[in-house]
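**Student:** give me coordinates for this.
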Amino acid sequence: MTWTAPDVSLPEFPLTGDDRPMLEGFLAWHRALLRHKCAGLSGEQLARCSVPPSNLSLLGLVRHMAKVERRWFRERIAGQELGPLYDPALGPDADFEDLDPARAQADYGRLTEECRLADQALAAASYDDTVTARQGVMSVRAVVIHMIEEYAQHNGHADLIRERIDGVTDK
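**Tutor:** Reported below is the predicted structural model:
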């Protein structure tokens, strides 16, 4: 039997009140939206690149966001020392280029798990805590805003890739 990405419901979140529930609600919605755009597709479809010479694919975006979740939340915010998620010998784009449709279910599961672990790291942090990144010193609040922006950008890519795969525009 061929694995297909499961259906994902988009969560509701507050639009008023304190910034933490709103920001984390927006982040949860964008996380779910990327997985929602993958729903019903096989590993082969998820690994299909948008258009040459681009290496963008839905599976690449799933793998990339797992890496980004891990780096920002577990490594930077929680201070965990973790090895690379993908083979560093393959270069910085391994998340986009080292695709194997047979590993799509595992890659998808890795994103889900990295989000869960990221939520744990975030729950233990204050929004006023700081981390150091290429951009300089950032508050945890700024990291959450950056992650919303990162997902929003890639969800736009995912819209176009999904439409190219099967014509679906309502995912």
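
**Student:** longest helix in this protein, please.
**Tutor:** helix 140-166 (DSSP state H).

**Student:** which neighbouring elements make contact with that helix?
**Tutor:** helix 19-38, helix 58-69, strand 130-133 (3 or more C-beta pairs under 8 Å, 6 or more residues apart in numbering; DSSP states H and E). C-beta: built from backbone N, CA, C; applies to glycine.

**Student:** could you redo those as JSON lines and give each row distance to D93?
**Tutor:** Below are those laid out as JSON lines (distance: least, C-beta to C-beta, whole Å):
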{"stretch": "helix 19-38", "distance to D93": "18"}
{"stretch": "helix 58-69", "distance to D93": "9"}
{"stretch": "strand 130-133", "distance to D93": "20"}
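
**Student:** any idea how far the longest helix of the chain is from the middle of the chain?
**Tutor:** Taking the mean of its C-alpha atoms, helix 140-166 sits 8 Å from the chain's own mean (C-alpha atoms, centre = their mean, to the nearest Å).

**Student:** so for that helix, what gets flagged as buried?
**Tutor:** Neighbour-count burial for helix 140-166, counted by 16 or more other C-beta atoms under 10 Å, picks out 140-145, 147-148, 150-151, 154-155, 157-158, 161-162, 165.

**Student:** need the distance between the two termini of stretch 70-78.
**Tutor:** 10 Å (C-alpha to C-alpha, to the nearest Å).

**Student:** could you give me the average pLDDT of it?
**Tutor:** Mean per-residue pLDDT for stretch 70-78: 98.

**Student:** one more: stretch 163-170?
**Tutor:** The model assigns stretch 163-170 a mean pLDDT of 91.

**Student:** so how far is stretch 161-171 off the chain centroid?
**Tutor:** Using C-alpha atoms, centre = their mean, the offset of stretch 161-171 from its chain centre is 19 Å.

**Student:** do the same with stretch 20-36
**Tutor:** 10 Å.

**Student:** what's around P11, how many residues?
**Tutor:** 11 (other C-beta atoms under 10 Å).

**Student:** er, P84 actually
**Tutor:** 12.

**Student:** which helix or strand in this protein has the lowest average pLDDT?
**Tutor:** Ranking every helix and strand in the chain by mean pLDDT, DSSP states H and E puts helix 94-97 at the bottom, with a mean of 93.

**Student:** alright, that wraps it up for me.
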